[in-house]
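Undergrad: when you get a sec, could you give me coordinates for this:
(one chain, ligands or ions: 1)
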Amino acid sequence: MARLIEVGLGVVIDSERVLVTQRKPDGPLPGLWEIPGGKVERGETHEVCVRRELMEEVGLEVSVGAIIGVWEHAYPHGAVRLWAYWCRRLSGEARAIEVADLTWADRLSLHERSYPEASLPLISEIASALP
Ligand SMILES: Nc1nc2c([nH]c(=O)n2[C@@H]2O[C@H](COP(=O)(O)OP(=O)(O)OP(=O)(O)O)[C@@H](O)[C@H]2O)c(=O)[nH]1
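TA: Below is the predicted model of the structure:
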């Protein structure tokens, strides 16, 4: 069986909106929207992974809080285990550095986008936490 890829995700809420990013047109799951994050590197804690990915992808310094949940999913390109954490923005303005695009989505606009299958339970969880 293929190895499970551990992925850390940071759910940043600011002014009742959540930060979502769009995947690049090349690579797996092109053009889909997602929660910023990425693979946990060897020797890295989830907190360090999430803080690193948020800085690399969108230039935000965040603090990592409580875990939201853990979800596993097998794609044709590999199996992932997503670890999602509530995050708070400490400094910086989000900008699309290593992502195709980004937006701060409210509950309604969150549902207007397409996400990877593995992220759907997380997206529902986030939507229910937004006013
Ligand atoms: N960031 C992120 N990845 C997700 C989500 N949902 C989901 O299935 N994934 C999967 O998690 C895996 C890791 O994501 P990634 O490719 O962004 O990781 P990375 O930045 O470390 O990639 P790299 O190897 O290109 O540097 C991918 O297989 C991706 O499809 C999500 O909501 N956010």
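
Undergrad: residue 97: how many residues sit nearby?
TA: 13 (other Cβ atoms under 10 Å). All C-beta atoms are positioned from the backbone trio N, CA, C, and that covers glycine.

Undergrad: so it sits against residue 53, correct?
TA: No. Judged on Cβ atoms under 8 Å, residue 97 makes no contact with residue 53 at a distance of 10.9 Å.

Undergrad: so how far is residue 99 from the closest residue to the ligand within the chain?
TA: The ligand sits closest to residue 38 of the chain, with a gap of 2.8 Å, by Cβ to the nearest ligand atom. Using Cβ to Cβ, to the nearest Å, residue 38 is found at 11 Å from residue 99.

Undergrad: also residue 124?
TA: Look at residue 124 and residue 99: by Cβ to Cβ, they are 22 Å apart.

Undergrad: the more surrounded of these two?
TA: Taking other Cβ under 10 Å, residue 124 and residue 99 do not tie; residue 99 has more neighbours (19 against 12).

Undergrad: how close does residue 22 sit to residue 12?
TA: Residue 22 is 15 Å from residue 12, where distance means Cβ to Cβ.
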